[in-house]
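Peer 1: Got a predicted structure here, sequence first:
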Amino acid sequence: MRNDRGVVCDKIGRRRLNVLCAALAACVALGSCATARTPKAVTAPAPSAPAATAQAAPLDAKKIIQQRCTVCHGTFRIKVARILPIPADKIVDNMIARGAVLNPAERKAVVEYLAY
């Protein structure tokens, strides 16, 4: 079947292309897991005021990602993670299991940022 521009297209070819693109994006995103880099130890910043008296300020997920995630990953890999069909919470939980240090509030902010 030809489209209006005379280009041959079929559902099977388009489906194969979509699967190939998804597989390529997953390989790029997961490729960082196989690198032999030793991440620097990252510790959570100490609170400046007691939690009971301090008001909860909104967390800047972009800043958290710059401080914590770019220790092991480049920003391109993080941008790719935002468009992958993998749920953002699974990606973040996987990175926490691999040593990323995030408290529950920071985890929630990063998941919301990656999921838009």
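Peer 2: It's in. The structure presented is a predicted model; accordingly, all values stated were derived computationally and were not measured.
Peer 1: Can you dump the C-alpha atoms of stretch 108-116 in PDB for me?
Peer 2: Only the C-alpha atoms of stretch 108-116 are listed here, as PDB (Å, rounded to 0.1, in the frame of the first residue of the first chain):
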ATOM      1  CA  LYS A 108       8.600  11.400  45.000                       C
ATOM      2  CA  ALA A 109       9.800  14.700  43.500                       C
ATOM      3  CA  VAL A 110      12.200  12.900  41.100                       C
ATOM      4  CA  VAL A 111       9.500  10.400  40.000                       C
ATOM      5  CA  GLU A 112       7.000  13.200  39.300                       C
ATOM      6  CA  TYR A 113       9.700  15.100  37.300                       C
ATOM      7  CA  LEU A 114      10.600  12.100  35.200                       C
ATOM      8  CA  ALA A 115       7.000  11.200  34.600                       C
ATOM      9  CA  TYR A 116       6.100  14.900  33.900                       C
END
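Peer 1: pLDDT of it, averaged?
Peer 2: Mean pLDDT, stretch 108-116: 89.
Peer 1: any low-confidence regions in this structure?
Peer 2: 1-57 (pLDDT under 70).
Peer 1: P85 looks like it's in a helix, true?
Peer 2: No: assignment of P85 by DSSP: H, G, I helix; E, B strand; the rest coil gives coil, placing it outside any helix.
Peer 1: tally of neighbours for it?
Peer 2: 7 (other C-beta atoms under 10 Å). In short, each C-beta sits where N, CA and C put it, glycine included.
Peer 1: Same check on K108?
Peer 2: 15.
Peer 1: name the element it belongs to?
Peer 2: helix 104-115 (DSSP states H and E).
Peer 1: Go through that helix and flag the buried ones.
Peer 2: Within helix 104-115, the residues that count as buried by 16 or more other C-beta atoms under 10 Å are 106-107, 109-111, 113-114.
Peer 1: Remind me what that helix packs against, helices and strands.
Peer 2: helix 61-68, helix 75-83, helix 88-97 (3 or more C-beta pairs under 8 Å, 6 or more residues apart in numbering; DSSP states H and E).
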